[in-house]
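*Asks:* sequence below, structure please.
(2 chains)
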Amino acid sequence: MVGSQQSERELEVAELIVEALNLEDVSAAEIEPEAPLFREGLGLDSIDALEIAMAISQKYGFQLRSDDPNNATIFSTLRQLSEHIEKNKQ
Amino acid sequence: MKLSLIQHQNNNALVAWTEQGEITCTTFLNDVMQLAQQLPDKKYAINLCENRYLFMVAFAAVLVRGQTNLLPQNQLTETLYAVAEDYADNYCITETAIAGLRLQQFNLKAAIEQENPFKASQDTLAVPQIAAELVAAIVFTSGSTGKPQANSKTWKALVQGAKMAAERFGFDNNPVAIVSTVPPQHMYGLETSILYSLQNTCPVYAGRPFYPDDIRRVVESAGQPVVLITTPVHLRACVTSKNLQWNNLAFVISATAPLRKEMAQQVQSEMQVSIKEIFGCTEAGSMASRETLKDQTWHLYNGIEIYKENNKIYIHAPHVGEDCILNDVVEIIDRQHFKLIGRDDDMVNIAGKRGSLSDIKLKLEAIDGVDDAAVFLPDDNNEIARLAAFVVAENLTTKQIISELANKVDSVFIPRPVYKVQRLPYNKTGKLTQQALTELYCKCKNRPNETIKAGYKGT
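*Replies:* Numbers count the residues shown, from 1 in each chain, chains lettered A, B, ... in the order given. You can find the predicted model right below:
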């Protein structure tokens, strides 16, 4: 996987994000895999991170956890999140 | 008059715990005294620590030095500069340096890492005595004018507030530990985690667990039953996440926004725990509680009273000083009991942060190219309410508008979506009613990609 091309798996996760967060002005295909999801990128915040965690637990059957107890954002891009899901899904 | 920093009877009693181990009174007092010696000689400390234990050490060290903690609602540089401007003799206490922040920063980790902060010191220290009238903290909320609103808390008021809560929740008879998802800079977070630990001797978890499974693991790691201090937003995440087994919970406390009965029922059945709610405001702090599933009535803490005068609702809370006006719409049952009917039209609560719709509207209108704007909280009957905005701005895209706003407004208040309209649905008296905004919202929602032409009547 190179550059900003979305893989099929990434598109599926992007669709989950758009649906879970009701992002009316963004389409799943528009989310760049390497662009930051939070703050300056898609502009998501910690409430969104919780929403994404709920959607992941329902669709992929596992729980997100922070590696660092003070850091809510264990994933910063679509690509990282997709890889994390691939490793952990049940 | 002076009041003790902590109420623990024994130097080995727990103040907090981390993954690395337990933190006793002795260790805590050592950390506090060590830090207090190093703090700059100024009047105000902007306490930006995120780790709860480090926040607590900094908070206490500031008191020991007779200084005041300034607690801004977020860490946006614009917010910090606004606070610093009003309290000129200041410095920031940060865990790690914040790049680009043009304020004096005192790096907490560097200061206490010279020696291990969690060392098991044998030195027994005297408990610091803090002047009762010292302004221990100034808690900021966003006001309707665009400037953060300051609420001063004396040490006496904080101590008394903790005592009232201990009486209400029975902490004296049933020792519990505290796990909290609420930032300590927030009035609710400050009272229920920092003060419950210092004054009610409830050990507190040093971090701020975020995901439901993080919270569950931390709750299980406590040496005694846990009171989980959280918000409707987090509770929704906890009950919606599948296959989580909750153990070791004494009960759950939720605040910042009323918990819907259905959500309270789900918490009880999924987490197998009873749920209590706290009602408070930044001005008076926590003042009432209820057991959501037993009774919708709010019971004021002993010593606090509610009354109506000249069509305004007042809270009489002797420990915080003058009676304060309550901006929520309530039905008073008697001086100790009331029901919440609705909220103030302007102030909204999102994820525990209080914001003013008119403040966000002002900030939208201040953007170059925005001619008119309205901000609105749709009534979606959901824990995760998001603001919607309507803007009249011919030559700007909604993305441009949002990115301009992102520098000025806490992310939870960024309207999502922002709809472009040709004009706003003012009524004959020039007002924007909730009903007109609701109609416009429904119309925009169905046609998100067009500029909606007329404000109200069908197109």
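
*Asks:* element containing B:L158, please.
*Replies:* Assigned by DSSP states H and E, B:L158 belongs to helix B:155-169.

*Asks:* for the following helix or strand past that helix, name the packing helices and strands.
*Replies:* Proceeding N to C from helix B:155-169, the next assigned helix or strand is strand B:177-180, under DSSP H and E. When contacts are defined as 3 or more CB pairs under 8 Å, 6 or more residues apart in numbering or on different chains; DSSP states H and E, strand B:177-180 sits against strand B:204-205, helix B:212-221, strand B:226-230. The C-beta positions use only the backbone N, C-alpha and C, and glycine is treated the same way.

*Asks:* give me the neighbour count for residue 53.
*Replies:* All of this refers to chain A. Using other CB atoms under 10 Å in any protein chain shown as the criterion, A:A53 is surrounded by 24 other residues.

*Asks:* hmm, no, I was thinking of chain B.
*Replies:* Here the count is done by other CB under 10 Å, and B:Y53 has 25 residues near it.

*Asks:* run a quick neighbour tally on residue 10.
*Replies:* You didn't pick a chain, so chain A it is. For A:E10, the count of nearby residues is 23 (other CB under 10 Å).

*Asks:* that's the wrong chain, I meant chain B
*Replies:* Here the count is done by other CB under 10 Å, and B:N10 has 10 residues near it.

*Asks:* ok, it to B:T24 distance?
*Replies:* B:N10 sits at a distance of 9 Å from B:T24 (criterion: CB to CB, to the nearest Å).

*Asks:* picking up where we left off before, output the helix holding B:L158 as PDB - backbone C-alpha positions only.
*Replies:* Once side chains and other backbone atoms are set aside, the C-alpha atoms of helix B:155-169 remain, and they are given as PDB (Å, rounded to 0.1, in the frame of the first residue of the first chain):
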ATOM      1  CA  TRP B 155     -10.300  26.600  50.000                       C
ATOM      2  CA  LYS B 156     -13.000  26.700  52.700                       C
ATOM      3  CA  ALA B 157     -15.700  26.300  50.000                       C
ATOM      4  CA  LEU B 158     -14.000  23.400  48.400                       C
ATOM      5  CA  VAL B 159     -13.500  21.600  51.700                       C
ATOM      6  CA  GLN B 160     -17.100  22.200  52.700                       C
ATOM      7  CA  GLY B 161     -18.400  21.000  49.400                       C
ATOM      8  CA  ALA B 162     -16.500  17.700  49.800                       C
ATOM      9  CA  LYS B 163     -17.900  17.300  53.300                       C
ATOM     10  CA  MET B 164     -21.500  17.700  52.000                       C
ATOM     11  CA  ALA B 165     -20.900  15.100  49.300                       C
ATOM     12  CA  ALA B 166     -19.300  12.700  51.800                       C
ATOM     13  CA  GLU B 167     -22.400  12.900  53.900                       C
ATOM     14  CA  ARG B 168     -24.700  12.400  50.900                       C
ATOM     15  CA  PHE B 169     -22.900   9.500  49.400                       C
END
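
*Asks:* now it and strand B:226-230, what's the angle there?
*Replies:* If you take axes from the mean of the first three to the mean of the last three CA atoms, to 10 degrees, helix B:155-169 sits at 120 degrees to strand B:226-230.

*Asks:* would you list the phi and psi of B:T397?
*Replies:* With angles defined as degrees, to the nearest 10, B:T397 sits at phi -90, psi 160.

*Asks:* also B:F251?
*Replies:* Per degrees, to the nearest 10, the residue geometry at B:F251, taken as phi and psi, is phi -160, psi 170.

*Asks:* that one: what's it in contact with?
*Replies:* Taking CB atoms under 8 Å, 6 or more residues apart in numbering or on different chains as the criterion, B:F251 is in contact with B:V227, B:L228, B:V273, B:S274, B:I275, B:K276.

*Asks:* may I ask which of those has the most neighbours?
*Replies:* B:L228 (30 neighbours).

*Asks:* quick one: the helix holding B:L158 to chain centroid distance?
*Replies:* Going by CA atoms, centre = their mean, to the nearest Å, the spacing between the C-alpha centre of helix B:155-169 and its chain's C-alpha centre is 17 Å.

*Asks:* by contact count, what packs against it?
*Replies:* The criterion is 3+ CB pairs under 8 Å, 6+ apart, and the helices and strands that helix B:155-169 contacts are strand B:2-4, strand B:135-142, helix B:196-200, strand B:285-290.

*Asks:* and the longest one, C-alpha only, in CSV?
*Replies:* Below are the C-alpha coordinates for strand B:135-142, written out as CSV (Å, rounded to 0.1, in the frame of the first residue of the first chain):
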residue,chain,number,x,y,z
VAL,B,135,-8.8,31.5,46.6
ALA,B,136,-7.7,28.0,45.9
ALA,B,137,-8.9,27.9,42.3
ILE,B,138,-10.5,30.0,39.7
VAL,B,139,-12.6,27.8,37.4
PHE,B,140,-13.4,29.2,34.0
THR,B,141,-16.4,28.5,31.8
SER,B,142,-17.2,30.1,28.5
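
*Asks:* which secondary structure elements does it contact?
*Replies:* Taking 3+ CB pairs under 8 Å, 6+ apart as contact, the helices and strands that strand B:135-142 lies on are helix B:52-64, strand B:68-71, strand B:148-154, helix B:155-169, strand B:353-356.

*Asks:* export those as CSV, with columns for mean pLDDT.
*Replies:* Conversion of the helices and strands packed on strand B:135-142 to CSV gives the following (pLDDT from 0 to 100):
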stretch, mean pLDDT
helix B:52-64, 97
strand B:68-71, 98
strand B:148-154, 90
helix B:155-169, 97
strand B:353-356, 79
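
*Asks:* how about these in JSON lines, adding distance to A:I52?
*Replies:* Compiled in JSON lines, those are given as follows (distance: least, CB to CB, whole Å):
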{"stretch": "helix B:52-64", "distance to A:I52": "24"}
{"stretch": "strand B:68-71", "distance to A:I52": "29"}
{"stretch": "strand B:148-154", "distance to A:I52": "30"}
{"stretch": "helix B:155-169", "distance to A:I52": "33"}
{"stretch": "strand B:353-356", "distance to A:I52": "20"}
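
*Asks:* looking at those, which is nearest to B:Q296?
*Replies:* Relative to B:Q296, the nearest member of the helices and strands packed on strand B:135-142 by CB to CB is helix B:155-169, separated by 17.3 Å.

*Asks:* what does that closest one rub up against?
*Replies:* The set of residues that contact helix B:155-169 without belonging to it, under CB under 8 Å, 6+ apart, is B:1, B:3, B:63, B:130-134, B:136-137, B:171-172, B:190-192, B:195-196, B:198-200, B:227, B:253, B:276, B:278, B:285-286, B:289, B:299, B:301-304, B:319-321.

*Asks:* kindly report the same for stretch B:278-289.
*Replies:* With CB under 8 Å, 6+ apart as the contact definition, stretch B:278-289 has outside contacts at B:139, B:141, B:149, B:151, B:153, B:157-158, B:161, B:164-165, B:168-169, B:187-188, B:191-192, B:253-255, B:276-277, B:290, B:298-301, B:304, B:315, B:317, B:320, B:324, B:326-328, B:338, B:340, B:354.

*Asks:* mind checking the end-to-end distance for that stretch?
*Replies:* According to CA to CA, to the nearest Å, stretch B:278-289 extends 4 Å from its N-terminal end residue to its C-terminal end residue.

*Asks:* repeat for stretch B:61-70
*Replies:* 13 Å.

*Asks:* do the same with stretch B:84-91
*Replies:* Using CA to CA, the end-to-end distance of stretch B:84-91 comes out at 8 Å.

*Asks:* mind listing the helices in chain A by residue range?
*Replies:* Applying DSSP state H to chain A gives helices spanning A:8-21, A:46-60, A:78-88.

*Asks:* in a markdown table: the ones you listed, plus mean pLDDT and distance to chain B.
*Replies:* Compiled in a markdown table, the helices of chain A are given as follows (pLDDT from 0 to 100; distance: least, CB to the nearest CB, whole Å):
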| stretch | mean pLDDT | distance to chain B |
| --- | --- | --- |
| helix A:8-21 | 91 | 8 |
| helix A:46-60 | 87 | 4 |
| helix A:78-88 | 89 | 12 |
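
*Asks:* circling back to that earlier point, just the buried members of the contacts of helix B:155-169?
*Replies:* Among the contacts of helix B:155-169, those scoring as buried are B:3, B:63, B:130, B:134, B:136-137, B:171, B:190-192, B:195-196, B:198-200, B:227, B:253, B:276, B:278, B:285-286, B:289, B:299, B:301, B:304, B:319-320 (criterion: 16 or more other CB atoms under 10 Å in any protein chain shown).
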